[in-house]
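Trainee: model the structure of this input:
(chains A and B)
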Amino acid sequence: MINKSYNVTEEKELVKASLSGDKKAFGEIVNRYQKMVARTVKGMLGDSVFAEDIGQEVFINLYYSLSGFRGESKLSTYIQKIAVNLTLNEIKRRKRFFSMFSHKANNEMYEFEIADHDTEERKEASEIVTKALLAMDSKFRIILTMRMLQGYSTKETAEILEVPIGTVLSRLSRAQEQLRNILIKM
Amino acid sequence: MKASEIKNLMISSLNDDADAIEVPGRLEKEGISYNFSHNFSDKVLNKLFSAGLILKREVEFVKYMNFAFYRIALTGVAAIAVLLISIFIIEGSLSLNSFLGLSDNYDESIVCLLTGN
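Mentor: Alright, predicted model coming up:
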């Protein structure tokens, strides 16, 4: 995993303090994990203000469900599960909306901006990653996000997505095939 | 990193034996990183602690609605009971005809009434 791993006891103390109403402690949790959540949400939905709204919702959900966090898994895994669920729900909502009211293709459901980069090469790279991600089916996109943007192992991916390792392995190969086809056309 | 290298990196990140830990770091070096706005945590905290008030109001509203529902439902049940009793007293039975107000009419008179003959 790319993000720094925090001391487990310190994490538990932060959770405990947040539960007792310490806003600063919860603010610290938000600061620590916002980048991780941004990678999941923006990787899945594209870089837009809507993605930021979902990011805020992730932490609001976390705050209200903190009492259910038993500390059996890492806090980052718990937050990641919330982020994945909310993002997949948002994709489902958009699909329903677009199937009823619009004839746009799947990858046109997302509005995104490519941030300014110092070189053309970097801008192109950023564009390739974003467009390829958004062109993928959501069940494969989540796998690519977990691996490529978060750096999770197969086991960690299976734990977060709450599916057996075998399922992750089969989705990895199918996602790779789909990604290859998408990248060839770019 | 060239476009072709990025594409290869993306594809290789999905190898089941790939060391996925390295990929995000390499992408970040290429400027591919995702962040929220700089005051993200303030926004979350503001939303959270001002939303608490809204949430309380919503809970109170639901309580009032439940209370109002019971009152309306009880009034409705009482009105139906009064109506049934009054029909029974006036018509002497609770048959379908007495509900429809047809207990005093013969079939022939209804046909006459409808056809005008």
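
Trainee: what does chain B put close to chain A?
Mentor: For chain B, the contact set with chain A under C-beta under 8 Å from any C-beta of the partner chain comprises B:1-3, B:6-7, B:9-11, B:13-16, B:18, B:20-25, B:27-28, B:30-37, B:40-41, B:43-45, B:47-49, B:51. For every residue, glycine as well, the C-beta is placed using N, CA and C.

Trainee: ranges for the helices of chain A?
Mentor: For chain A, the helices defined by DSSP state H occupy A:8-19, A:23-45, A:49-65, A:75-101, A:120-135, A:138-144, A:154-161, A:165-184.

Trainee: redo those helices as CSV? Include distance to chain B, mean neighbour count and mean pLDDT.
Mentor: Converted to CSV, the helices of chain A look like this (distance: least, C-beta to the nearest C-beta, whole Å; neighbours: other C-beta atoms under 10 Å in any protein chain shown; pLDDT from 0 to 100):
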stretch, distance to chain B, mean neighbour count, mean pLDDT
helix A:8-19, 10, 15, 82
helix A:23-45, 4, 21, 92
helix A:49-65, 5, 19, 91
helix A:75-101, 12, 17, 87
helix A:120-135, 4, 19, 85
helix A:138-144, 6, 22, 91
helix A:154-161, 6, 19, 91
helix A:165-184, 4, 16, 91
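
Trainee: got TSV for the ones you listed, with distance to B:A81 too?
Mentor: Shown next, in TSV, are these (distance: least, C-beta to C-beta, whole Å):
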stretch	distance to B:A81
helix A:8-19	51
helix A:23-45	54
helix A:49-65	44
helix A:75-101	45
helix A:120-135	62
helix A:138-144	55
helix A:154-161	56
helix A:165-184	59
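
Trainee: closest to B:S93 out of those?
Mentor: B:S93 lies closest to helix A:75-101 among the helices of chain A, at 52.3 Å (C-beta to C-beta).

Trainee: could you find the closest non-adjacent residue to A:M148?
Mentor: In this structure, A:M148 finds its nearest non-sequential neighbour in B:S13, 4.1 Å apart by C-beta to C-beta, 6 or more residues apart in numbering or on different chains.

Trainee: list the contacts of the one you found.
Mentor: Taking C-beta atoms under 8 Å, 6 or more residues apart in numbering or on different chains, we find B:S13 in contact with A:144, A:147-148, B:20, B:23.

Trainee: what do you get if the cut-off is 7 Å, keeping everything else the same?
Mentor: A:147-148, B:20, B:23 (C-beta atoms under 7 Å, 6 or more residues apart in numbering or on different chains).

Trainee: of those, just say which sits nearest to A:F50.
Mentor: Among those, and counting by C-beta to C-beta, the member closest to A:F50 is A:M148, at 21.7 Å.

Trainee: restrict the contacts of B:S13 to the buried ones and give me that as a ChimeraX selection.
Mentor: Selection of buried members from the contacts of B:S13 for ChimeraX, criterion 16 or more other C-beta atoms under 10 Å in any protein chain shown:
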select /A:147,148 /B:20,23
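
Trainee: how about the contacts of B:S13 in JSON lines, adding distance to A:L75 and pLDDT?
Mentor: JSON lines is the format used below for these (distance: C-beta to C-beta, whole Å; pLDDT from 0 to 100):
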{"residue": "A:R147", "distance to A:L75": "21", "pLDDT": "89"}
{"residue": "A:M148", "distance to A:L75": "23", "pLDDT": "88"}
{"residue": "B:A20", "distance to A:L75": "21", "pLDDT": "70"}
{"residue": "B:V23", "distance to A:L75": "23", "pLDDT": "82"}
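
Trainee: got the contacts of B:S13 as JSON lines, with distance to A:S65 columns?
Mentor: What follows is those, written out as JSON lines (distance: C-beta to C-beta, whole Å):
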{"residue": "A:R147", "distance to A:S65": "26"}
{"residue": "A:M148", "distance to A:S65": "28"}
{"residue": "B:A20", "distance to A:S65": "28"}
{"residue": "B:V23", "distance to A:S65": "30"}
